[in-house]
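Engineer: All I have is the shape, not the residue letters:
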Ligand code: ADP
Ligand code: MG
């Protein structure tokens, strides 16, 4: 790891806001400062003043629906696309105009981009041409050991599974010890089971090598499982940046609440740290005033069978360890997740009259 200039420390990002844009807990390594890219003059920018920072060794997920500008953001950081405005700085140095190969940023492409005519060892050694042959060989073998592929060193890429190809691509990128690695939808070519296994391997590999990484995904479960922090994007903008836990518990907007996990949205009238709703007075996770929408997680709603209850179960889905219910109360239909203990382990049948209670804080969103 290179020596860091003293001036780089716990700096506030350019656009600090109470709803996120929180800086990394680690020392700042990469700063993305209001980068913007517009492809068509008549359309809104694909990426619109996106700002965040990345700490040493941190794993940040850029999460959002297809077309929201994730890949374009990543390409501007990697030097494959030049922003119309804004800057990218690595350890305080402006790299916005530098070509990819002079940035010291590693990129793992979605299709892995392995050389088909080279074997695994030769692929990993490819980026190490500047080293002496013996040193490059030793480093490549070390990387293969790290990703658990020593035994396959002489295989060609076509004779590897998708997960193994992914690890070769990662080993090739990490071999040159880049301070930052960019991964665009790295698990999209793997089947569901492989994806879950591979993502934990990739996380632990990045943590062991100490490389920071930005991972693009449209899969909220992947982002929650992998990342130290998540930046949620919609229509070219970053809506919130925070830890997975905070994003889940304290979503900044209705879009974030609905995109990360499932959420009920209830109208209410807030004053300070509480709001009046059709379910009574509820505590809020952050202060608000006036007419608000409240995000209520399905697991925050308790369901109690009650023949005189104001609500009725209108739908049910068995999920093994818990139950999912759709419950109608007045003109509202709420999603409820009920754990095994909450109704004495007895599933509530469709049509049953029930009473709903909301426990825990709920989150005002706009
Ligand atoms: P994501 O990776 O989140 O799916 P992208 O960054 O690929 O989104 O694309 C964001 C928007 O920019 C989309 O509307 C896409 O069509 C547009 N776009 C991306 N690249 C180009 C390009 N080279 N030329 C024109 N439009 C582009
Ligand atoms: Mg993309």
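Structural biologist: Yep, it's here. Remember, predicted model here, so these are calculated numbers, not experimental data. Numbers count the residues shown, from 1 in each chain. Ligands and ions are numbered 1, 2, ... in the order given.

Engineer: got the domain boundaries for this protein?
Structural biologist: 6-104+178-254, 264-364 (automatic domain parsing).

Engineer: who wins for proximity to ligand 1 among those?
Structural biologist: Each of these was scored for nearness to ligand 1 using CB to the nearest ligand atom, and the closest is domain 6-104+178-254 (3.2 Å). From N, CA and C alone the C-beta is placed, and that goes for glycine too.

Engineer: I figured residue 201 hits residue 164, correct?
Structural biologist: No. Applying CB atoms under 8 Å as the test, residue 201 and residue 164 come out as separate, 10.8 Å apart.

Engineer: Looking at the two, which one has more neighbours?
Structural biologist: Using other CB atoms under 10 Å as the criterion, residue 201 and residue 164 rank with residue 164 on top: 19 against 15.

Engineer: name the helices or strands packed onto whichever strand or helix holds residue 73?
Structural biologist: Using DSSP states H and E, residue 73 sits in helix 70-78. Contacts defined by 3 or more CB pairs under 8 Å, 6 or more residues apart in numbering; DSSP states H and E place helix 70-78 against strand 28-37, strand 47-55, strand 59-63, strand 105-108, strand 180-184, strand 212-217.

Engineer: Three-state assignment for the closest residue to residue 207 other than its chain neighbours, please.
Structural biologist: Here the nearest residue to residue 207 in space, its sequence neighbours aside, is residue 57; by CB to CB, 6 or more residues apart in numbering that works out to 7.2 Å. Reducing the assignment at residue 57 to three states with DSSP: H, G, I helix; E, B strand; the rest coil gives coil.

Engineer: how about residue 57, what does it touch?
Structural biologist: 26, 207, 210, 211, 212 (CB atoms under 8 Å, 6 or more residues apart in numbering).

Engineer: swap the cut-off to 7 Å and go again
Structural biologist: 26, 210, 212 (CB atoms under 7 Å, 6 or more residues apart in numbering).

Engineer: neighbours around the residue nearest to residue 349 when sequence neighbours are not counted, how many?
Structural biologist: Distances taken as CB to CB, 6+ apart put residue 313 closest to residue 349, at 7.0 Å, once the chain neighbours are dropped. Neighbouring residues of residue 313 were enumerated by other CB under 10 Å; the total is 22.

Engineer: in the sheet, who's paired with residue 313?
Structural biologist: Beta bridges link residue 313 to residue 327 when assigned by DSSP bridges.

Engineer: about what we covered before: can you redo the contacts of residue 57 as TSV with pLDDT and distance to residue 298?
Structural biologist: TSV is the format used below for the contacts of residue 57 (pLDDT from 0 to 100; distance: CB to CB, whole Å):
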residue	pLDDT	distance to residue 298
26	72	34
210	89	38
212	96	34
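
Engineer: ok, and the most crowded of the residues you listed?
Structural biologist: residue 212 (22 neighbours).

Engineer: which residues touch that residue?
Structural biologist: Taking CB under 7 Å, 6+ apart as the criterion, residue 212 is in contact with 29, 30, 54, 55, 56, 57, 58, 179, 180.

Engineer: Take those and lay them out in a markdown table including distance to residue 136 and pLDDT.
Structural biologist: Conversion of the contacts of residue 212 to a markdown table gives the following (distance: CB to CB, whole Å; pLDDT from 0 to 100):
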| residue | distance to residue 136 | pLDDT |
| --- | --- | --- |
| 29 | 26 | 95 |
| 30 | 27 | 97 |
| 54 | 29 | 96 |
| 55 | 30 | 95 |
| 56 | 26 | 94 |
| 57 | 25 | 93 |
| 58 | 29 | 96 |
| 179 | 20 | 92 |
| 180 | 22 | 96 |
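
Engineer: can you list the residues you listed in CSV and add distance to residue 255?
Structural biologist: Conversion of the contacts of residue 212 to CSV gives the following (distance: CB to CB, whole Å):
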residue, distance to residue 255
29, 29
30, 26
54, 23
55, 26
56, 30
57, 30
58, 24
179, 32
180, 28
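
Engineer: most surrounded residue in those residues?
Structural biologist: Of all the contacts of residue 212, the most densely surrounded is residue 54 (26 neighbours; neighbours counted as other CB under 10 Å).

Engineer: So which bits of stretch 281-292 are buried?
Structural biologist: 282, 284, 285, 288, 292 (16 or more other CB atoms under 10 Å).

Engineer: same check, this time on stretch 39-56
Structural biologist: Of the residues in stretch 39-56, those with enough neighbours to count as buried (16+ other CB under 10 Å) are 45, 46, 47, 48, 49, 50, 51, 52, 53, 54, 55, 56.

Engineer: Out of these, the closest to residue 67 would be?
Structural biologist: Among the buried residues of stretch 39-56, residue 46 lies closest to residue 67 (CB to CB), at 8.4 Å.

Engineer: quick one, what contacts residue 253?
Structural biologist: Counting by CB under 7 Å, 6+ apart, residue 253 makes contact with 239, 365, 366.

Engineer: Sounds good, over and out.
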